[in-house]
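Chemist: Build the 3D model from these lines:
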Amino acid sequence: MMFPLPVTRAVTCVALIGAFIATVSPQTWPKTRAEKTEYAETSHYADVIQFLRELQTAGGPVSVEILGKSAEGKEMPLVIASYPPVSTPAEAKRSGKPIVYIQANIHAGEVEGKEAAMAILSRLCAAGPSGLLGKIVLLVTPIYNIDGNEKFGPVARNRPEQDGPGMVGVRPNGQGLDLNRDAIKAESPETRGVLEHVYNTWDPDVMMDLHTTDGTRHGWELTYAPPMNPDTDPGIMHFTRDQLLPTIRRELEQKFGMLTFDYGNVERQRGQAAQATTPARAWYTYGEEGRYCTHYVGLRGRISILSEATTFIPFKARVIATDRFVTAILEYVAAHTRQVLDLTRGADTRTIAWGLDPSKAPELGIRFDFASRGEETVLLEHPLPAGSPAPFGRPKALDKVKMPIFDRFKATRTAKFPSAYIIPASATQALALLNRHGIVVEKLLEPWHGTCSSFAISKLTAARAFQGHRLIDLEGTFSTGDTSVAAGWYLVRTAQPMGILAFHILEPESLDGVAAWGFLGDVLTEGRPYPILKTFEPVHAATERNSGPVLPASERTR
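Modeler: Numbers count the residues shown, from 1 in each chain. Here you go, the predicted structure:
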């Protein structure tokens with residue numbers, strides 16, 4: 001590691017070095033490897049670390065924390081940038097500024113986010129206290145998937161549809177996992193580090209996840225998405241999907257002529273249209289599960305945005321498009337500070353109120369299907385003659401095709417939001433997972449008696465292998481009755497900011513929770529009850545928070 005000061009075991013905070021920012025010549029601010037090579041190359045891990053050192057020695061108002069180590073042992077940097085500098089999350093909260101977190105390079109062959117994030121850091125530091133860093137606290141993980149990044153190979157092999165640079169990394173991390181499917185199960189050191197040191201510590205109001213898409217060849221430079229799980233706080237969902245992103249789309253086109261649209265791909269339309277002799281086509285987004293980082297953040301009651309630069313435009317164009325999109329988001333957040341903070345605090349308040357009085361809570365979704373906002377024009381590359389190779393670069397000819405836009409989801413099955421879940425002490429893996437996510441868990445210090453709902457499993461289906469698991473799908477029915485549980489069981493109240501996330505993880509029919517990912521072991525069998533109970537009444541009992549087997553001591557720091 002090459003930071004100016006020694007690295008502590010868990011966190012490095014590097015003191016600011018250099019003169020007052022306004023006196024530093026603009027020529028001293030660092031450039032990325034991409035900029036230095038005229039976008040022929042992308043940054044290695046060593047380049048990123050060197051860039052951050054140079055940013056500090058130039059006088060940038062930044063410090064660096066170490067989130068932990070990658071699967072292959074490389075230290076993961078998190079940049080904290082603000083003017084004036086902030087040294088702790090509490091200080092950041094007291095500043096009254098929105099906290100914005102940007103993560104790039106989670107799929108390490110998708111490299112423009114890494115370069116754009118560093119270029120933005122350099123430019124914002126150079127702008128001084130009157131710029132954006134005087135209005136927001138910015139957190140950046142510029143190289144999330146370090147191990148994948150370092151597995152450089154020809155772009156024709158690692159990202160065959162991508163127009164440069166010549167050498168890039170690979171999608172999986174050092175364990176062979178897709179880190180954008182790990183947000184719930186949290187099996188990678190990268191996810192665990194970000195949970196501990198970003199989400200559970202800094203609690204950012206806004207998150208951006210920077211990618212590249214290599215799907216349908218369309219006419220937009222970049223596509224985007226808000227959090228899409230329907231259980232996302234309605235205020236957060238409306239602001240992101242219906243206010244912020246449409247405004248950014250109009251601004252980018254007006255200012256730069258840059259065309260953007262909702263993320264998706266053209267597919268055969270599902271349902272009745274798919275049964276037609278000539279199936280209709282439609283524009284479909286991706287899944288709604290919390291395993292995806294942006295949806296995960298939505299379930300935490302925070303604003304999140306997916307950025308997907310278009311892979312077949314040149315590398316430099318992808319970096320510029322990502323830079324413009326991210327910068328526009330940052331400017332919008334800075335201009336709407338009060339609204340952003342009210343939304344995220346309001347989401348917490350609403351979830352807590354539902355947990356205190358579940359009779360006032362809506363039923364939340366556990367199964368979902370696509371929903372359409374109506375028909376719109378989609379820009380598609382004009383079909384090539386049979387056998388023609390797909391060209392790199394911006395499409396020369398586009399067709400305007402009107403089709404349904406499935407950019408959102410609806411709940412097809414719901415469950416009641418409880419006041420609490422009651423979990424046996426034997427469910428150690430599930431309890432450890434809850435702790436990782438910052439969900440408050442309490443240990444019952446005395447027996448408790450009350451009315452509970454229990455779920456009887458009538459059918460268990462194990463799906464094909466996915467990310468090292470065979471996802472489990474439970475079917476069954478709830479029944480209610482008087483229940484006694486012994487001291488030593490655990491309690492998860494939903495009257496906490498992470499209450500909706502707890503629902504997503506603990507509901508038996510969730511396709512993305514502890515049951516689905518196998519965190520309850522072999523106790524799940526047909527004809528037996530689901531081991532976790534839920535109650536809709538207040539639980540008055542002596543408890544102790546986050547104790548016992550919630551997380552083994554050997555795993556508390558990494």
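
Chemist: Which residue ranges of the stretch 101-250 of the chain form strands?
Modeler: Ranges of strands in the stretch 101-250 of the chain, per DSSP state E, counting those that start in this stretch, are 137-141, 153-154, 167-168, 206-213, 222-225.

Chemist: cool, the stretch 301-450 of the chain as well?
Modeler: Going by DSSP E, counting those that start in this stretch, the stretch 301-450 of the chain shows strands at 303-310, 364-371, 375-381, 398-406, 408-415, 420-423, 442-444, 448-466.

Chemist: before we move on, back to that, a markdown table please, covering the strands of the stretch 101-250 of the chain and showing distance to residue 318.
Modeler: Just so you know, the C-beta spots here come from the backbone N, C-alpha and C atoms, and that holds for glycine as well. Below are the strands of the stretch 101-250 of the chain laid out as a markdown table (distance: least, Cβ to Cβ, whole Å):
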| stretch | distance to residue 318 |
| --- | --- |
| strand 137-141 | 18 |
| strand 153-154 | 18 |
| strand 167-168 | 12 |
| strand 206-213 | 6 |
| strand 222-225 | 8 |
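
Chemist: now these in JSON lines, with mean pLDDT?
Modeler: Listed next are those as JSON lines, based on pLDDT from 0 to 100:
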{"stretch": "strand 137-141", "mean pLDDT": "98"}
{"stretch": "strand 153-154", "mean pLDDT": "98"}
{"stretch": "strand 167-168", "mean pLDDT": "98"}
{"stretch": "strand 206-213", "mean pLDDT": "98"}
{"stretch": "strand 222-225", "mean pLDDT": "98"}
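
Chemist: pLDDT weak spots in this protein?
Modeler: Along the chain, segments meeting pLDDT under 70 span 1-27, 272-279, 384-396, 547-558.

Chemist: Need the residue closest to the centroid of it.
Modeler: Central residue of the chain (Cα atoms, centre = their mean): residue 293, 2.1 Å from the mean position.

Chemist: What's the separation between that one and residue 470?
Modeler: From residue 293 across to residue 470, the span is 23 Å (Cβ to Cβ, to the nearest Å).

Chemist: show me the contacts for the residue nearest to residue 440 when sequence neighbours are not counted.
Modeler: Nearest residue to residue 440, sequence neighbours excluded (Cβ to Cβ, 6 or more residues apart in numbering): residue 496, at 5.1 Å. Residues in contact with residue 496 (Cβ atoms under 8 Å, 6 or more residues apart in numbering) are 351-352, 355, 439-440, 502.

Chemist: all helices of the protein, in order?
Modeler: Secondary structure of the chain by DSSP state H: the helices cover 33-36, 45-57, 89-94, 112-127, 146-149, 155-158, 189-194, 234-238, 245-256, 293-299, 315-335, 337-356, 428-436, 499-506.

Chemist: Work out the gap between the second one and the centre of the chain.
Modeler: Relative to its chain's centre, helix 45-57 lies at 25 Å (Cα atoms, centre = their mean, to the nearest Å).

Chemist: if we compare the strands of the stretch 101-250 of the chain, which one ends up closest to residue 431?
Modeler: Nearest to residue 431 among the strands of the stretch 101-250 of the chain is strand 206-213 (26.0 Å), distances taken as Cβ to Cβ.

Chemist: So for that closest one, what gets flagged as buried?
Modeler: Buried residues in strand 206-213, counted by 16 or more other Cβ atoms under 10 Å: 206-213.

Chemist: who does it touch, helix- and strand-wise?
Modeler: Counting contacts by 3 or more Cβ pairs under 8 Å, 6 or more residues apart in numbering; DSSP states H and E, strand 206-213 packs against strand 99-104, helix 112-127, helix 293-299, strand 303-310, helix 315-335.

Chemist: again, only this time at 10 Å
Modeler: strand 99-104, helix 112-127, strand 137-141, strand 222-225, helix 293-299, strand 303-310, helix 315-335, helix 337-356 (3 or more Cβ pairs under 10 Å, 6 or more residues apart in numbering; DSSP states H and E).

Chemist: returning to what we had before: so can I have TSV of the helices of the chain showing distance to residue 202?
Modeler: Converted to TSV, these look like this (distance: least, Cβ to Cβ, whole Å):
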stretch	distance to residue 202
helix 33-36	28
helix 45-57	18
helix 89-94	5
helix 112-127	16
helix 146-149	20
helix 155-158	32
helix 189-194	10
helix 234-238	18
helix 245-256	23
helix 293-299	12
helix 315-335	15
helix 337-356	13
helix 428-436	16
helix 499-506	17
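
Chemist: Nearest to residue 218, out of the ones you listed?
Modeler: Among the helices of the chain, helix 315-335 sits nearest to residue 218 (Cβ to Cβ), with 13.3 Å.

Chemist: how about the CA coordinates for that closest one, as CSV?
Modeler: The C-alpha trace of helix 315-335 is given here as CSV (Å, rounded to 0.1, in the frame of the first residue of the first chain):
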residue,chain,number,x,y,z
PHE,A,315,-14.0,4.3,-24.4
LYS,A,316,-13.4,8.0,-24.2
ALA,A,317,-17.0,8.7,-25.1
ARG,A,318,-18.1,6.3,-22.3
VAL,A,319,-16.0,8.1,-19.7
ILE,A,320,-17.3,11.5,-20.8
ALA,A,321,-20.9,10.3,-20.7
THR,A,322,-20.5,8.7,-17.3
ASP,A,323,-18.7,11.9,-16.0
ARG,A,324,-21.5,14.1,-17.3
PHE,A,325,-24.2,11.9,-15.8
VAL,A,326,-22.7,11.6,-12.4
THR,A,327,-21.8,15.3,-12.2
ALA,A,328,-25.3,16.3,-13.2
ILE,A,329,-26.7,14.1,-10.4
LEU,A,330,-24.3,15.6,-7.9
GLU,A,331,-25.3,19.1,-8.9
TYR,A,332,-29.0,18.2,-8.6
VAL,A,333,-28.5,16.8,-5.1
ALA,A,334,-26.5,19.8,-4.0
ALA,A,335,-29.3,22.1,-5.3
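
Chemist: Give me the buried stretch members for it, please.
Modeler: 315-330, 332-334.

Chemist: and the angle from that helix to helix 112-127?
Modeler: Comparing the axes of helix 315-335 and helix 112-127 via axes from the mean of the first three to the mean of the last three Cα atoms, to 10 degrees yields an angle of 50 degrees.

Chemist: tell me which residues form a beta bridge with the residue lying closest to residue 307 once chain neighbours are set aside?
Modeler: Nearest non-adjacent residue to residue 307, counting by Cβ to Cβ, 6+ apart: residue 210, 4.9 Å away. Following DSSP bridges, residue 210 is listed with bridge partners residue 104, residue 307.
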